[in-house]
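A.B. asks: could you look at this predicted model? Sequence included:
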Amino acid sequence: MSKKAVRSGPKGLEPNEIVRTALELMEEEGPDAFSVRKLGAKFGCDPMAVLYHFKSKTGLERAMADTINAEITPVDPTASWRARLADIAFQYRGLARKYPLTFPLLLRFWITGPADYRNAEMVCQALADAGLKDRDMVDICFGWYASLLGLAAAEVGGLLKPATPDIIAEIDRLPSADFPVMTTLLPTFADQQAGRAYEMMVEIVLDGIERMLAT
């Protein structure tokens, strides 16, 4: 059976081509400067032409997020539930580093599309194999996504990076009597490692699931 042809929009534009160009533009311009007008200029067409397949800018951004989600590779179904969730978590970290300015779109949508459904199925299957009840599984699934996507976005956004010299100097000026812990941690703040923080938090989340299973 032959594959169904992808319908071209105005000027022969195909959705995959539009989304890929939109991802490139987002990474070049950032979310504040990204616009449908600039995307249309990339193709030399009216801005509304690039929305033919997506209906709106929000629809386009959802498709962009799902294209990123499609880069998550299937995990080994024979691995432990914990190993599968860790695998997916670190794949998301890799996507955040690859698409630092587009990645936050993944936090905007309940589900981004077909690729996200596939990924969510892998997460839910791992949680089911862990032995969670349906109600707990749903809550933990959402909490797991919020935690790990948020951590990955925080890393590329700057929160998990070492403190800048200006911030270090600012902490150093704090009165130690009022901020004893902050001032004691000053050298550690300057030596913070994003990868270490991410790995530690993945383990903490997974440890929490295991503790819930043991109760």
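C.D. replies: Received it, and whenever you're ready, just let me know what you need.
A.B. asks: could you list the domains of this protein?
C.D. replies: 10-53, 81-214 (automatic domain parsing).
A.B. asks: what's the span of the last one from first residue to last?
C.D. replies: As for domain 81-214, its first-to-last residue distance stands at 15 Å under the measure Cα to Cα, to the nearest Å.
A.B. asks: cool, and stretch 174-181?
C.D. replies: One end of stretch 174-181 sits 11 Å from the other (Cα to Cα).
A.B. asks: in it, what counts as buried?
C.D. replies: The neighbour-count criterion (16 or more other Cβ atoms under 10 Å) identifies no buried residues in stretch 174-181. C-betas here are computed from N, CA, C, even on glycine.
A.B. asks: likewise for stretch 146-166?
C.D. replies: Under 16+ other Cβ under 10 Å, the buried positions of stretch 146-166 are 147-156, 160, 163.
A.B. asks: returning to what we had before: Serialize the domains of the chain to JSON lines and add fields for mean pLDDT and distance to residue 63.
C.D. replies: Converted to JSON lines, the domains of the chain look like this (pLDDT from 0 to 100; distance: least, Cβ to Cβ, whole Å):
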{"stretch": "domain 10-53", "mean pLDDT": "91", "distance to residue 63": "5"}
{"stretch": "domain 81-214", "mean pLDDT": "94", "distance to residue 63": "7"}
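A.B. asks: show me where this structure has helices.
C.D. replies: For the chain, the helices defined by DSSP state H cover 15-29, 36-43, 57-69, 81-98, 114-130, 134-157, 165-172, 180-184, 186-190, 194-214.
A.B. asks: out of those helices, nearest to residue 75?
C.D. replies: helix 81-98 (4.4 Å; Cβ to Cβ).
A.B. asks: just the residues contacting the closest one, thanks.
C.D. replies: 68, 71-73, 75-77, 79, 103, 106, 119, 122-123, 125-127, 129-130, 144, 148-149, 151-153, 155-156, 198, 202, 206, 209-210 (Cβ atoms under 8 Å, 6 or more residues apart in numbering).
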